[in-house]
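> From the sequence below, what's the structure:
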Amino acid sequence: MAHPAVDSDEESRISEGDYVVLKRGDVYKSVQIEKRKKVIFEKQWMFMDNTVGELYGSTFEVDSGGKLILRKPNTEDTTDTKGAGLDNRHIVDDGKSQKLTRDDIESLKEQGLKGQEIIQQLIDNSTTFRDKTEFAQEKYIKKKKKKYESNITLLKPTSRILAMMYHGREPGKVCHLRYDTLAQMLTIGNIHAGSKVIVFETCAGLVLGSVMERMGGHGSVIQLYPGGGPVRAGMESFGFPSHFHSTLHEFPLCKVNALLSGTLNVSEKDMDSQSNGRSDEQGSSSQVSTDRGDESSSEPQSMEVSADPAEAKKKEDSEKLREQKAQEKRVRMEEKRKKLAAAAALLEGRNADGLVIASRFHPCPVLLGLLKFVAPSRPFVVYCQYREPLIECYTKLREQGGAVSLRLTDSWLRHYQVLPNRTHPVLLMSGGGGYLLSGITVSADAAATSGSQQKSGEPAAKRIKLDEIKSTSDSSA
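Below is the predicted model of the structure:
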């Protein structure tokens, strides 16, 4: 019984190579733990060596040399306020209430005083602090802690924390996707372990990582990507173990039409021809030019015979290096071909359990094309920052059929400050969390049959009245 406890304790501790999220106030940053590597966070540099072996959620203090010192859980910051005033009406903000200058504060830092000690010095040298109300004093102390204290908390990456990090620092990279909207996508899409999910996103891998986290390493995830390769920076920040990556497959979006039409060719010859087409043309043109040069200068070259062994060895080494690079390229192409064939085999079954779309592209053509790979009675969800593209998707699906329970929803979120006698909504809030279009797929044959019956104008089956049922039962008796 002791082994599971040890395993859980090891999982909750930070190891070298793990991804962690640094938190100071409402600011987050994802970094990888590497020894002797300088990390810059909030204009302050530090080394992460002392974090190895500590628990997630631990709080550290950064000293003057960039070294992280673990803070004890029972350590509480106490400041001596020495009373408070009744109101702030007589306080004038003229900039002369603080006796300490900028140079004095810098000298205190050079002497090695911690942030709490500097804050206490500011309180003692303020002429108006004791005249402020208790609420104003707390607000002043909170503001100075944010400026002078250098406490950092290390958190384990989760979909909520990473979504808050991206939305706070770089919302454009995730199409302004907010964490509450991401939670709705995972719930509406019915993401669970053992399912087969198709994901198309351009949110730096955040949606992909959230889907993989919810599935727990069981099932299959097929990522469709635009361009030359998938972007997975957000997914890598989760720090998934190796068996999670075995469930992830990738397929280029440009080959979806070929897969639907049955003309997709994933043979080695086809892959080599696509990758080496341009290089062969360049090689042939350069070969023609070199042949012409050899013909023109054949006589002087025949007169010169290289007898330098160093030059011959250098030429031989360059040929070996060229051959080695060509071999590595063939190995990479073979691995890429196998991955493409595996993803194509999963998509050809057209029995996916869900579809999740969140991209900067217009969702209508992507949705109509990828719905053909989803099995009937399965959910799909589409995120877009704007409402109009989803309205177009909604109209197209209503016209052509293949989906029921279509819903277009808007996400709204507001934070509240909950403090004694000061509970109110936070003044600054997010303007919008985007829009979601969701629905459930139905069989295309059933949708076509119902549509043809309505177009043909055939009358519906006549309902049998209760009186007719009784009369027929009496006559039979």
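
> Next up, the contacts around residue 374.
Residue 374 is in contact with 198, 350, 352, 353, 354, 355, 380, 441, counting by C-beta atoms under 8 Å, 6 or more residues apart in numbering. For every residue, glycine as well, the C-beta is placed using N, CA and C.

> quick one: the strands in the stretch 301-450 of the chain?
354-358, 379-384, 403-410, 416-417, 424-425, 435-441 (DSSP state E, counting those that start in this stretch).

> How far off centre is the first one?
Using C-alpha atoms, centre = their mean, to the nearest Å, the mean C-alpha position of strand 354-358 is found 14 Å from that of the whole chain.

> and the helix ranked longest in the chain, how far out from the chain's middle?
Selection of the longest helix in the chain by residue count, based on DSSP state H, yields helix 309-348. The chain centroid and the centroid of helix 309-348 are separated by 31 Å under C-alpha atoms, centre = their mean.

> For that helix, name the packing helices and strands.
strand 220-225, strand 248-252, helix 256-261, helix 268-296 (3 or more C-beta pairs under 8 Å, 6 or more residues apart in numbering; DSSP states H and E).

> Do I have it right that residue 385 meets residue 172?
No. Residue 385 lies out of contact with residue 172 (C-beta atoms under 8 Å); the separation is 9.9 Å.

> which one of those two has more residues nearby?
The neighbour count for residue 385 versus residue 172, taken as other C-beta atoms under 10 Å, is higher for residue 385 (19 against 10).

> list the contacts for the more buried one?
So residue 385 contacts 175, 176, 434, 435 (C-beta under 8 Å, 6+ apart).

> Buried subset of these as a PyMOL selection?
To isolate the buried ones among these in PyMOL, judged by 16 or more other C-beta atoms under 10 Å, type:
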select buried, resi 175+176+434+435
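
> Looking at the contacts of residue 385, which is nearest residue 240?
residue 175 (22.6 Å; C-beta to C-beta).

> Which residues are in contact with that closest one?
With contact taken as C-beta under 8 Å, 6+ apart, residue 175 is in contact with 202, 203, 358, 359, 360, 383, 384, 385, 434.

> okay, residue 358: pLDDT?
We have a pLDDT of 95 for residue 358.

> wouldn't it be in contact with residue 178 here?
No. Using C-beta under 8 Å, residue 358 is not in contact with residue 178, being 11.6 Å away.

> more crowded one of those two?
Applying other C-beta under 10 Å to residue 358 and residue 178 shows that residue 358 carries more neighbours, namely 26 against 21.

> separation between the more buried one and residue 221?
To residue 221, residue 358 is 14 Å away according to C-beta to C-beta, to the nearest Å.

> Pick out the shakiest of the helices and strands packed on helix 309-348, pLDDT-wise.
helix 268-296 (a mean of 48).

> average pLDDT across stretch 18-37?
Rounded mean pLDDT across stretch 18-37 is 90.

> Pull out the buried positions in it.
Residues 18, 19, 20, 21, 22, 23, 24, 28, 29, 30, 31, 33 are the ones in stretch 18-37 that count as buried (16+ other C-beta under 10 Å).

> where in the protein is pLDDT low?
For the chain, the stretches flagged by pLDDT under 70 are 1-8, 73-83, 112, 267-307, 444-477.

> out of the contacts of residue 374, who's nearest residue 420?
The closest of the contacts of residue 374, once distances to residue 420 are taken by C-beta to C-beta, is residue 354, at 45.3 Å.

> For the closest one, give me its contacts.
Residue 354 neighbours (C-beta under 8 Å, 6+ apart): 189, 190, 191, 195, 196, 197, 198, 374, 378, 379, 380.

> what is the last one paired to in the beta sheet?
Which is residue 380. For residue 380, the beta-bridge assignment (DSSP bridges) gives partners residue 355, residue 439.

> ChimeraX command for the buried members of the contacts of residue 354?
A single ChimeraX command selects the buried members of the contacts of residue 354 (16+ other C-beta under 10 Å):
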select :189,190,191,195,196,197,198,374,378,379,380
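
> Helices - which of the contacts of residue 354 land there?
Going by DSSP H, the helices hold none of the contacts of residue 354.

> Next, name the residue at the spatial heart of the chain.
residue 206 (1.3 Å; C-alpha atoms, centre = their mean).

> Name the nearest residue to that residue, sequence neighbours excluded.
Residue nearest to residue 206 in three dimensions, not counting chain neighbours: residue 234, with 3.8 Å by C-beta to C-beta, 6 or more residues apart in numbering.

> mind checking the SS state of residue 28?
When classified by DSSP: H, G, I helix; E, B strand; the rest coil, residue 28 comes out as strand.

> which residues does it contact?
If you count contacts by C-beta under 8 Å, 6+ apart, then residue 28 has 21, 22, 155, 161, 164, 165, 168, 169 around it.

> all helices of the stretch 51-200 of the chain, in order?
102-110, 115-124, 134-148, 159-169, 179-188 (DSSP state H, counting those that start in this stretch).

> Counting neighbours, which bits of the last one end up buried?
So that's helix 179-188. Neighbour-count burial for helix 179-188 [16+ other C-beta under 10 Å]: 179, 181, 182, 184, 185, 186, 188.
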